[in-house]
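J.: model this:
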Amino acid sequence: MPTKMVGQYVKPKDWNTLISDPDTMVIDVRNTYETRIGMFRGAVDPSTTAFREFPSWVDHQFQLVKTESHQSDSTADNIGELKETQIQEPTQLPRVAMYCTGGIRCEKASSFLLSKGFKEVYHLEGGILKYLEEVPRAESLWDGECFVFDKRVSVEHGLVQGTHKLCYGCKQPVSDADMEAPEWESGVSCPHCFSTKSEEEKERARARQRQFEAWGIIGGPDKGRRNHDGAVKPLSGSL
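T.: This is a model prediction of the structure:
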């Protein structure tokens, strides 16, 4: 519930000092396809494929696991069995500094950690993008590029467009090396999704790619065009 409680915001100019402290645990709240191309030095990667997996990772990482024990009351049989639920927690939870692309996921994640008993939870205000915009490369503790959800695919310091492209088979970023791999097929697959796709899926992707290469749009040049009466406009030369 980030509307009720949230971690402490840290300005980009103060971020390096916080994450350089050996008593601070730095957590990347993003998913594997994002962390694969860039992270802050020393950060922990939860290796999640979706943000909904983050709570389970926290429970496992910090041993916040619910255990049940059953006790019988020997002096009062009519009371029956007592059921107790306990949460086993380590004696001291670490100071945590977390970050994500633009800061939104961190608000939810920091709220979750506070609800679990963490006392010191910080997150990067404005996310990685604000950090890359404001902190000079010479002072930066960021390594790699930052995945973004637009046509740029990735950005570097100063928010300059990065070198990664997008695999339209899985919507994941790919490097130049990935596009040299045998699993790479434009519009169809890359080394990160090749083994997860069936031949039927690949054939459908190839058909879409052929349409795009021929017409510049999937479905043909007149896809979505309608006459004033609402009827679909026929292809040129058709009856």
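
J.: got a list of what residue 99 touches?
T.: For residue 99, the contacting residues are 15, 26-29, 40, 43, 106, 123-124, 127-128, 131, by CB atoms under 8 Å, 6 or more residues apart in numbering. Every residue, glycine included, has its C-beta placed from N, CA and C.

J.: give me that answer again for 6 Å
T.: The contact partners of residue 99, by CB atoms under 6 Å, 6 or more residues apart in numbering, come to residue 124.

J.: so how far is residue 197 from it?
T.: The gap separating residue 99 from residue 197 is 32 Å, by CB to CB, to the nearest Å.

J.: try residue 26
T.: Taking CB to CB, one finds residue 26 at 34 Å from residue 197.

J.: Between these two, which is the more surrounded one?
T.: Between residue 26 and residue 197, counted using other CB atoms under 10 Å, the more crowded position is residue 26 (23 against 16).

J.: Tell me which helix or strand residue 13 sits in.
T.: Residue 13 belongs to helix 12-20 when assigned by DSSP states H and E.

J.: in what helix or strand does residue 109 lie?
T.: Using DSSP H and E, residue 109 maps to helix 104-115.

J.: So what's the residue count around residue 34?
T.: 23.

J.: what about it, which helix or strand?
T.: helix 32-35.

J.: and the following helix or strand past that helix, which strands flank it?
T.: Downstream of helix 32-35, the next assigned helix or strand under DSSP H and E is strand 38-40. According to DSSP bridges, strand 38-40 has the following sheet partners: strand 142-144 (antiparallel).

J.: List the buried residues in the partner strand.
T.: residue 142 (16 or more other CB atoms under 10 Å).

J.: List of residues touching whichever helix or strand comes after that strand?
T.: Later in the chain than strand 142-144, the nearest helix or strand by DSSP H and E is strand 146-147. With contacts defined as CB under 6 Å, 6+ apart, strand 146-147 is touched by 34, 37-38, 128, 154-155, 173.

J.: what's in contact with the next helix-or-strand element following strand 146-147?
T.: Next helix or strand after strand 146-147 toward the C-terminus (DSSP H and E): strand 154-155. With contacts defined as CB under 6 Å, 6+ apart, strand 154-155 is touched by 145-148, 162, 164, 173.
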